[in-house]
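Enquirer: from the sequence below, what's the structure:
(chains A, B, C and D)
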Number of protein chains: 2
Amino acid sequence: MNCLDEARPLGAHAGCSHHVKGDDCRLCLIRPLSVCSALEPDEWASLEKLSTDIRFEERETLVREADDVVSLYTITAGVVRLVRTLHDGRRQLTGFALPGDFLGLSLERTWTFSIEAITPVTACRFGRASLMEYVDQKPHFLMRLHEMATHELSLAQDHMVLLGRLTAEEKLAAFLMEIRRRWARIEGHASDHIPLPMGRQDIADYLGLTIETVSRTINQMQRAHQLVIVPDGVRLLNIGYFEHLCP
Amino acid sequence: MNCLDEARPLGAHAGCSHHVKGDDCRLCLIRPLSVCSALEPDEWASLEKLSTDIRFEERETLVREADDVVSLYTITAGVVRLVRTLHDGRRQLTGFALPGDFLGLSLERTWTFSIEAITPVTACRFGRASLMEYVDQKPHFLMRLHEMATHELSLAQDHMVLLGRLTAEEKLAAFLMEIRRRWARIEGHASDHIPLPMGRQDIADYLGLTIETVSRTINQMQRAHQLVIVPDGVRLLNIGYFEHLCP
DNA sequence: GGTATGGTTTGATCTGTATCAATGCGAGTC
DNA sequence: GACTCGCATTGATACAGATCAAACCATACC
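Expert: Next up is the predicted model:
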């Protein structure tokens, strides 16, 4: 294999196979999952001219909260976290972006969150100005962006319910089922093996918990034989248990 | 005054003056705050043909979660709550909509939350199909919808931080400052008098707290001379205190 | 092999908020 | 004026999850 092995999110998972080779959209395996799915084959070429491949190392910051939006990104391999930080250091992750996810939906002037690479990441980068021009010419592309934005909004509301009303155990179950569903979409099939490239602290900051509570809850689930902790994530033993906890 | 006095959100507040009189967009005082601000005067007439005024009583349900989207609404007077309910009855409010707010940004097939009138409400109602057609013809209108949706998304992220990382006292302070800011935009000037047409339970369900904690926290603030509880809301005595608590 | 290093787990204890249970209080209504 | 009815407030107590502290365990590096 001559693709960027290090940029794979995890183990045998997506990433390598989805890497956009040599900026050629025709070879892009995450295209059907991405914003580009709104376009016709003859339009890929025009969009391709606006984009370049870019790579970020683990822990690298793609953009900082309040930065001017210069570029927008589609993640093609790896995982990033979207972070809001309070003055006193408290953090809330508003999401994780996986291969196929588009960052910069808002078309606004400045970023409202930081984006940080959890694993090595490859992305397809668009200049803001040129993409804005493209949007002006292709109303159906704008419609696709709008659909994606309102879908995000609906997911954000789901997450508000999680943060405001679920218990620690329910939060963890909902989180694992969410990540499972998202990997399934990328891989084309669901698996009980859930890779978790993010650390416990990231999970805690996503779920509004502390790292200790996340660790304790996952280990409780293991002791109750609902899952097994494996080096790169978890393996679910009893999907019914997790489904039952997702209200 | 011959306008719908009962439909005013509260006391001397907006609502009456913003009522859309006889379906005439030219007389609509909330237009500059609403989705219509994206349009030119000669376009108001074309949009007006798609819309009718409609009125809802206090406690009436405008739409139910999972209902098909038949109509979209701009609130012209009164206040509604956006509600997600879990199977076991736990509730999370994802927001309040005030005069000028548009409901149905997503253009999706079904609603992802219920909408319930907290006060008597008047709204400008659009048929989904006809508005979709309108959107197809006016890309700049779609752009305005998209901007509004991504702004909502940013506010949703703010609320995630609140739900996940703030204390009860900080949540209440942030809530009061949010409502203050939104009334200020509607009224054209900020006031220390914050009308709160929603009950304590609604505030609790918006902030991820219980009604008792909301009550206790507000009364603590009163005992600390930071605000006074008045019949229809609160009056802030020390804005600095509240600003300081908003991280 | 030894030993830093960064993250994870585990234990003991504390506390902010929930829960349970009255009580209070204003607006309607008879 | 008395009596609901639907909130809101207040008090006593419980507990989920936070906090503080230590041990554990890979991995990387000398």
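
Enquirer: assign a three-state SS to residue A:221, would you?
Expert: Under DSSP: H, G, I helix; E, B strand; the rest coil, residue A:221 falls in the helix class.

Enquirer: what bridges to the closest residue to it other than its chain neighbours?
Expert: The spatially closest residue to residue A:221, leaving aside those adjacent along the chain, is residue A:227, at 5.1 Å (C-beta to C-beta, 6 or more residues apart in numbering or on different chains). In short, each C-beta sits where N, CA and C put it, glycine included. Beta bridges link residue A:227 to residue A:236, judged by DSSP bridges.

Enquirer: quick check: residue A:227 touching residue A:237?
Expert: Yes: contact criterion C-beta atoms under 8 Å: residue A:227 and residue A:237 qualify, at 5.7 Å.

Enquirer: got the contact list for the residue nearest to residue A:221?
Expert: For residue A:227, the contacting residues are A:176, A:218, A:221, A:234, A:235, A:236, A:237, A:238, by C-beta atoms under 8 Å, 6 or more residues apart in numbering or on different chains.

Enquirer: between all of the residues you listed, which two are separated the most?
Expert: Greatest spacing in the contacts of residue A:227, by C-beta to C-beta: A:218 and A:238 (14.3 Å).

Enquirer: these two: which is more packed in?
Expert: Neighbours per residue, other C-beta atoms under 10 Å in any protein chain shown: of residue A:218 and residue A:238, the larger number sits with residue A:218, 19 against 14.

Enquirer: residues of the helix or strand hosting the more buried one that come out buried?
Expert: Using DSSP states H and E, residue A:218 sits within helix A:211-223. By neighbour count on 16 or more other C-beta atoms under 10 Å in any protein chain shown, the buried set for helix A:211-223 is A:213, A:214, A:215, A:217, A:218, A:221.

Enquirer: kindly format the C-alpha coordinates of it as PDB.
Expert: The C-alpha trace of helix A:211-223 is given here as PDB (Å, rounded to 0.1, in the frame of the first residue of the first chain):
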ATOM      1  CA  ILE A 211     -12.600  11.900  33.000                       C
ATOM      2  CA  GLU A 212     -13.000   9.800  36.100                       C
ATOM      3  CA  THR A 213     -16.800   9.300  35.600                       C
ATOM      4  CA  VAL A 214     -16.200   8.300  32.000                       C
ATOM      5  CA  SER A 215     -13.500   5.800  33.000                       C
ATOM      6  CA  ARG A 216     -15.600   4.400  35.900                       C
ATOM      7  CA  THR A 217     -18.800   4.100  33.700                       C
ATOM      8  CA  ILE A 218     -17.000   2.300  30.900                       C
ATOM      9  CA  ASN A 219     -15.300  -0.100  33.300                       C
ATOM     10  CA  GLN A 220     -18.700  -0.700  35.100                       C
ATOM     11  CA  MET A 221     -20.100  -1.700  31.700                       C
ATOM     12  CA  GLN A 222     -17.200  -4.000  31.200                       C
ATOM     13  CA  ARG A 223     -17.700  -5.600  34.600                       C
END
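
Enquirer: what about it, average pLDDT?
Expert: Here helix A:211-223 scores 98 as its mean pLDDT.

Enquirer: list the helices and strands it packs on?
Expert: Applying 3 or more C-beta pairs under 8 Å, 6 or more residues apart in numbering or on different chains; DSSP states H and E, we find helix A:211-223 packed against helix A:168-187, helix A:200-207, strand A:227-230.

Enquirer: for the lengthiest helix in chain A, packing partners?
Expert: Using DSSP state H to define each element, chain A has its longest helix at helix A:139-165. In terms of contacts (3+ C-beta pairs under 8 Å, 6+ apart), helix A:139-165 is packed against strand A:91-97, helix A:128-137, helix A:168-187, strand B:80-85, strand B:91-97, helix B:139-165.

Enquirer: contacting residues around the second one?
Expert: Yep, that's helix A:128-137 we're talking about. Taking C-beta under 8 Å, 6+ apart as the rule, helix A:128-137 contacts A:46-47, A:50, A:69-72, A:104, A:107, A:141-142, A:145, B:139.

Enquirer: buried sites along it?
Expert: A:128, A:131, A:134, A:135.

Enquirer: any idea how far the residue nearest the centre of chain A lies from residue A:74?
Expert: When C-alpha atoms, centre = their mean is applied to chain A, the residue found nearest the centroid is residue A:97 (1.5 Å). Plainly put, residue A:97 is 9 Å away from residue A:74 if you go by C-beta to C-beta, to the nearest Å.

Enquirer: again, but for residue A:242
Expert: Distance from residue A:242 to residue A:74, counting by C-beta to C-beta: 30 Å.

Enquirer: can you name the residues bridging to the closest residue to residue A:206 other than its chain neighbours?
Expert: Leaving aside its chain neighbours, residue A:206 sits nearest to residue A:93 (4.0 Å; criterion: C-beta to C-beta, 6+ apart). Bridge pairing for residue A:93 (DSSP bridges) gives the partners residue A:83.

Enquirer: which residues touch residue A:93?
Expert: Here residue A:93 is in contact with A:81, A:82, A:83, A:84, A:202, A:205, A:206 (criterion: C-beta under 8 Å, 6+ apart).

Enquirer: relative to helix A:168-187, how tilted is the helix holding residue A:218?
Expert: Using axes from the mean of the first three to the mean of the last three C-alpha atoms, to 10 degrees, the direction of helix A:211-223 lies 80 degrees away from that of helix A:168-187.

Enquirer: any idea of the angle the helix or strand of chain A with the lowest mean pLDDT forms with helix A:139-165?
Expert: Lowest on mean pLDDT, DSSP states H and E among the helices and strands of chain A sits helix A:41-48, with a mean of 83. Angle of helix A:41-48 versus helix A:139-165, following the same axes, to 10 degrees, is 70 degrees.

Enquirer: give me the contacts around helix A:41-48.
Expert: Contacts of helix A:41-48 (C-beta under 8 Å, 6+ apart): A:23, A:24, A:25, A:26, A:31, A:36, A:39, A:134, A:138.

Enquirer: what parts of chain A come near chain B?
Expert: Residues of chain A lying near chain B by C-beta under 8 Å from any C-beta of the partner chain: A:84, A:86-88, A:90-92, A:94, A:105-108, A:112-113, A:136, A:139, A:142-143, A:145-147, A:149-154, A:156-157, A:159-161, A:163-165, A:205, A:207-208, A:247.

Enquirer: now which of those residues would you call buried?
Expert: Buried residues within the residues of chain A next to chain B, defined by neighbour count using 16+ other C-beta under 10 Å: A:84, A:91-92, A:94, A:105-107, A:112-113, A:139, A:142-143, A:145-147, A:149-150, A:152-154, A:156-157, A:159-161, A:163-165, A:205, A:207-208.

Enquirer: so what's the gap between stretch A:149-159 and the chain middle?
Expert: 14 Å (C-alpha atoms, centre = their mean, to the nearest Å).

Enquirer: please read the previous query as pertaining to stretch A:154-170.
Expert: Taking mean C-alpha positions (C-alpha atoms, centre = their mean), stretch A:154-170 and its chain are 18 Å apart.

Enquirer: how many neighbours does the closest residue in space to residue A:182 that isn't next to it in sequence have?
Expert: Computed as C-beta to C-beta, 6+ apart, the closest residue to residue A:182 that is not its neighbour in sequence is residue A:98, at 5.5 Å. Neighbours of residue A:98 under the rule other C-beta under 10 Å: 23.
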